[in-house]
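Visitor: after the sequence you'll find the predicted model.
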Amino acid sequence: MTKPDSPLRGLALAAGAFGLLTIGSGGNALFGGAAARQAAGAYVPFVLWFNFLAGFGYVLAAAGLWLGRRWATQLAWAIALATLLVFAAFGVHVARGGAYEVRTVAAMTLRSVLWLAIAWFATRRLGRRSA
């Protein structure tokens, strides 16, 4: 375990908040009934399920980053890679003429950039210290 610093803890708070918001919005769309699904528009089910489940990973990664655990860096990279893979599958869905919301493109872009940045920053902060 490495002692976390203030920037890393700030990043952990942001990742945790993003995770809780992701769980809330995804859970509402999945379990909130017909009105919630209608409000979600032309959502892509596998993207929605991935994002909802990934939200729990976001919270776990945030906890690990807060505590300065190196495994949290690996989890952040895994989240980033999984997000990019789902984004690519979403692109295939769109290319094949599947229905989608433009906001999904923006949201997946944000998620991809955010988790790549978190993973990179966490690696730099936790990688500089001795175990």
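Guide: Received the coordinates, thanks.
Visitor: the helices in the chain, which residues?
Guide: Remark: helices assigned in the chain by DSSP state H are 6-31, 34-40, 45-67, 70-95, 102-127.
Visitor: any buried residues in the helix or strand bottoming out on mean pLDDT in the chain, and which?
Guide: Within the chain, no helix or strand scores below helix 34-40, which has a mean of 89 by mean pLDDT, DSSP states H and E. For helix 34-40, burial by neighbour count (16 or more other CB atoms under 10 Å) applies to A40. Glycine gets a C-beta too; all of them are placed from N, C-alpha and C.
Visitor: try stretch 84-98
Guide: V86, F87, F90, H93.
Visitor: and if you look at stretch 9-22?
Guide: So for stretch 9-22, counting by 16+ other CB under 10 Å, buried means L11, A12, A15, G16, F18, G19, T22.
Visitor: what are the neighbouring residues in contact with the first one?
Guide: With contacts taken as CB atoms under 8 Å, 6 or more residues apart in numbering, L11 has the following neighbours: L65, I118, F121, A122.
Visitor: my guess is the last one contacts T73. True?
Guide: It stands for A122. Yes - under the criterion of CB atoms under 8 Å, A122 makes contact with T73 at 4.5 Å.
Visitor: joint contacts of those two?
Guide: Common neighbours of A122 and T73 (CB under 8 Å, 6+ apart) are L65.
Visitor: just put the buried residues of stretch 84-98 in JSON lines and tack on distance to L30.
Guide: Shown next, in JSON lines, are the buried residues of stretch 84-98 (distance: CB to CB, whole Å):
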{"residue": "V86", "distance to L30": "16"}
{"residue": "F87", "distance to L30": "19"}
{"residue": "F90", "distance to L30": "17"}
{"residue": "H93", "distance to L30": "18"}
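Visitor: mind putting those into CSV with pLDDT and distance to L60?
Guide: Below are the buried residues of stretch 84-98 laid out as CSV (pLDDT from 0 to 100; distance: CB to CB, whole Å):
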residue, pLDDT, distance to L60
V86, 98, 18
F87, 98, 21
F90, 98, 23
H93, 98, 28
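Visitor: so where's the chain uncertain?
Guide: Counting by pLDDT under 70, the chain contains low-confidence ranges at 1-4, 128-131.
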